[in-house]
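> no sequence on this one, just coordinates:
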């Protein structure tokens, strides 16, 4: 099979690899239909994070090809979404809806010998707890794209909004205009926010943010962004903040624009972040969030996608095949694309 | 009138001062019935925080003596509770229930020329927004003591539990066995926690914690406390944590014992605290809290006290008169007393 292989910063190549096989009785092997490149893939692509060379990619939907002897809830032929983390589904943390903190948690596409989700096939550990079956149907390409977002970006944007405890009537700031931030805008809208301030300086992303429900765009950054948001909120700040970047500056802005008592829902993996301990304390500003338990949100989000009420797949503005995946990384790295969808096979 | 005056670390003296007068039209002057010494007073008493020499104390109940021309909801003769912060009651933050972030907020007993609440009389700015009237009645001493706790410690313990989002059936850890921590135990019980782990190494505080609803006592600290709580929770951690101390070590323990997805409700004023940014992120551990908007909780807590369903006044284990207030500070400093009540005048 073909698989995208990370060969060091800036280098993604497609190589032939054996089709994965069942290694443990709880495994499944999935034939991938759609995959994509994640904003977080850029951390290792840019050399900011270390990753062993090897298989990468952690967002995919596909058809179950083979299952191990202990897999009972998933069977060959099932159409499934895989969350970016695999989990047993039975431990106390899974039962509490935090599958990304499963006692046996693992993440797809961590390089090395393991295969990733940017490939034709992938081995899925703990298939019963991990894979989420979708009714088999004759889905249009745009629906497949939206289903694919439930494996990571839409569930992650939704986690930011849930963590920030967005409620009806809120004014919300979304920090970050990547695919996750845009899905955060859509999620804030779903949860009833009436004013959504998207922070973006790219015209195409601003347009999609508005389509997803943003009512205001703030192009400024740092102190200027704070001043602008305070102006927009009569000096009070916003009721909830979605932190969808993970840098120190984006966190600083997030905590600063929060009104007293607000919560920063953070889903951007922190890189060099310091949290202002006393300033947040004296203003009763909270924080929640982390790696999104996207598995927990599929019950809520799948009907929204299947009914067409939400179309998060619009975050994909580049469609390629697996052979050209290097172009997907490059386009996202150079901000020529928000997010690249990889058409691997037909459903 | 007599007033407690801070004269530097370790030195609290009682001096004669003029009875305060109305300075602004929104002011009231209150004759104090009961006052007390706060654990946070020990920060300046011990020389850890700076405070200008002068009037101190921020917890009191009393009878309104005089009101300014613009005071309409409070009148002379009213029996009132004062929250430790004064607030206008009308700004967006007050309206949202965060009076400690009022745009005009101020705090009683900040030293200098202003008078404090450890005195016979005190000036209360923004009386309409600040003071909370209690039905006039023939209250027993123990009820007066419980009413007094609504000015700070009980409302603060309750804020820790509300911030940590304690819900029915939860397992909760309370870090800190001071009066606030003990009120935190009582609050967790009120909110339906079924297992409450109080961290305490003092027999008298352990006994009161158990009376307030603690089901388990952990005497260990640091890594040993973490190990013990993990043992008590089958390795999962607790559903909610109440941080009622404010040191780096107590925060470290609080974040470490939280299960994935739990919230640390912090009310201990942070001194030298660093928040573990990545560790909290990867386990989806949140934090909320800050200076408690105790004014917002009086509607909920007053009926509980008046009905006798809760008796937070039991945190007072030393009763003195104003002349002997220095002994109250010394006893709390030396941990001979949990909290000293000051009997200032009759209702």
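Received, thanks. Quick caveat: nothing in here was measured; it's all calculated off a predicted structure. Residues are numbered from 1 along each chain as shown, chains lettered A, B, ... in the order given.
> up against chain B, what does the stretch 101-250 of chain A have?
Residues of the stretch 101-250 of chain A lying near chain B by CB under 8 Å from any CB of the partner chain: A:101, A:103, A:163, A:234-236. Yep, even glycine has a C-beta here, placed from its N, CA and C like the rest.
> now for the residues you listed, which pair is the farthest apart?
A:103 and A:234 (46.8 Å; CB to CB).
> I'd like to know which of the residues of the stretch 101-250 of chain A next to chain B are buried.
Among these, those buried by neighbour count (16 or more other CB atoms under 10 Å in any protein chain shown) are A:101, A:163, A:236.
> let's have these in JSON lines, adding pLDDT.
Converted to JSON lines, those look like this (pLDDT from 0 to 100):
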{"residue": "A:101", "pLDDT": "96"}
{"residue": "A:163", "pLDDT": "98"}
{"residue": "A:236", "pLDDT": "97"}
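> columns secondary structure on top of those, output as a markdown table?
Putting those into a markdown table (DSSP: H, G, I helix; E, B strand; the rest coil) gives the following:
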| residue | secondary structure |
| --- | --- |
| A:101 | helix |
| A:163 | helix |
| A:236 | coil |
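> closest to chain B among those?
Nearest to chain B out of these is residue A:101 (CB to the nearest CB; 3.2 Å).
> that closest one and residue A:93 touch, don't they?
Yes: between residue A:101 and residue A:93 there is a contact under CB atoms under 8 Å: 4.3 Å.
> tell me the contacts of the closest residue in space to residue A:139 that isn't next to it in sequence?
Leaving out its chain neighbours, the residue that sits closest to residue A:139 by CB to CB, 6 or more residues apart in numbering or on different chains is residue A:347, at 6.4 Å. Neighbouring residues of residue A:347 by CB atoms under 8 Å, 6 or more residues apart in numbering or on different chains: A:33, A:63, A:79, A:139, A:144.
> tell me the pLDDT of the third one.
At residue A:79 the predicted local confidence, pLDDT, stands at 98.
> follow-up on the earlier one: what's the closest of the buried ones among the residues of the stretch 101-250 of chain A next to chain B to residue A:219?
For these, the nearest to residue A:219 is residue A:236 (21.2 Å; CB to CB).
> and the closest one, backbone torsions?
Recorded main-chain torsions at residue A:236 are phi -90, psi -30, according to degrees, to the nearest 10.
> residue B:93 is in contact with that one, correct?
Yes: with contact defined as CB under 8 Å, residue A:236 counts as touching residue B:93 (7.2 Å).
> find residues that contact each of those two.
residue A:259.
> okay, now the unreliable bits of the stretch 151-300 of chain A?
Along the stretch 151-300 of chain A, the model assigns pLDDT under 70 to no residue.
> and the strands in it?
Listed in chain order, the strands of the stretch 151-300 of chain A (DSSP state E, counting those that start in this stretch) span A:171-175, A:195-199, A:216-218, A:238-243, A:258-266, A:286-289.
> name the residues that touch the first one?
Just to be clear, that refers to strand A:171-175. A:160-161, A:164, A:166, A:181, A:184-185, A:188, A:193-199, A:209, A:214, A:218, A:229, A:233, A:238-245, A:250, A:253-254, A:257.
> in chain A, which spans are helices?
Shown for chain A, the helices assigned by DSSP state H span residues A:41-45, A:92-95, A:127-130, A:141-149, A:153-163, A:179-190, A:203-212, A:222-232, A:248-257, A:277-282, A:294-306, A:325-333.
> closest to residue B:314 out of those?
helix A:277-282 (27.9 Å).
> Provide a list of residues in contact with residue A:77.
So, once contact is read as CB under 8 Å, 6+ apart, residue A:77 ends up touching A:63-64, A:136.
> just those: which has the poorest pLDDT?
Lowest pLDDT among the contacts of residue A:77: residue A:136, 89.
> I'd say it and residue A:79 touch.
Yes: because the distance of 5.1 Å satisfies CB under 8 Å, residue A:136 is recorded as touching residue A:79.
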